[in-house]
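J.: how would this look folded up:
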Amino acid sequence: MALITRFTRLFTADLHALLDRLEEPDVVLKQAIREMEEELAGREQRIRRLDIERDHLIRQLTDIDRSLLSIREQLDVCFGASDEQLARPLLRRRLELDRLANRLNARRDVNTQAAAAETACRDDNQRALDALRQHAELVLETVAVTPQAYSPVTVEVPVTDEDVEVALLREKQQRSAS
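T.: Model (predicted):
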């Protein structure tokens, strides 16, 4: 079993080495940059959604606070008139709103933590993208400055028989003069 695993690893390594030779580094870098930019855009969108949800939760909590204040005032009137019958539905509503406010506060806390984590991850990804862009600029400048390293010279310059004869005569003159 270990022998099969070793052969599999060897074959995979050879295959990866072949693919590495076939890939052009500038194209791979540009694709990596595009993928990282897409990831950053997606993260930005998630952060915006979390911000919108947090704002919605805050508005709901503000509405609940106003309702609770109104209920407290109504309860003061009911207890001032010693009318427990009217106070019971108000107390039920106050308890419902308190529980809803607790759930919304918990959701807001989770939302705030998720937004902080997304923001930290986005910042890390942005730094990595900036570093990759700088690396890509260096690689692309190297490729642009030395294109001969990647493509062999295949320009053909025709040599005529007369050129060969003239070169032969020059060589003979130089050798006889020496």
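J.: rest of the way, CA atoms for contacts and neighbours
T.: OK.
J.: what are the boundaries of the helices in the chain?
T.: Secondary structure of the chain (DSSP state H): helices at 2-22, 25-80, 84-145, 161-177.
J.: any chance of the ones you listed in a markdown table, plus mean pLDDT and mean neighbour count?
T.: Listed next are the helices of the chain as a markdown table, based on pLDDT from 0 to 100; neighbours: other C-alpha atoms under 10 Å:
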| stretch | mean pLDDT | mean neighbour count |
| --- | --- | --- |
| helix 2-22 | 66 | 11 |
| helix 25-80 | 92 | 15 |
| helix 84-145 | 90 | 15 |
| helix 161-177 | 80 | 10 |
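J.: any idea which residue is closest to the centre of this structure?
T.: Nearest residue to the geometric centre of the chain (C-alpha atoms, centre = their mean): residue 39, 2.9 Å.
J.: which residues touch that one?
T.: Not one residue lies near residue 39 by C-alpha atoms under 8 Å, 6 or more residues apart in numbering.
J.: quick one: it from residue 49, how far?
T.: Going from residue 39 to residue 49 by C-alpha to C-alpha, to the nearest Å gives 15 Å.
J.: now swap in residue 79 and tell me
T.: Taking C-alpha to C-alpha, one finds residue 79 at 44 Å from residue 49.
J.: and the contacts of stretch 81-88?
T.: Contacts for stretch 81-88 (C-alpha under 8 Å, 6+ apart): 75, 78, 79.
J.: with those in mind, which one is nearest to residue 163?
T.: residue 75 (114.9 Å; C-alpha to C-alpha).
J.: now that closest one, nearest residue through space, not along the chain?
T.: residue 87 (5.9 Å; C-alpha to C-alpha, 6 or more residues apart in numbering).
J.: so what's residue 36 up against?
T.: 125, 129.
J.: contacts only, for residue 112.
T.: Residues near residue 112 by C-alpha under 8 Å, 6+ apart: 50, 54.
J.: so how far is residue 44 from it?
T.: For residue 112, the distance to residue 44 - C-alpha to C-alpha - is 15 Å.
J.: now do residue 32
T.: 18 Å.
J.: over to residue 129?
T.: Residue 129 sits 14 Å away from residue 44, going by C-alpha to C-alpha.
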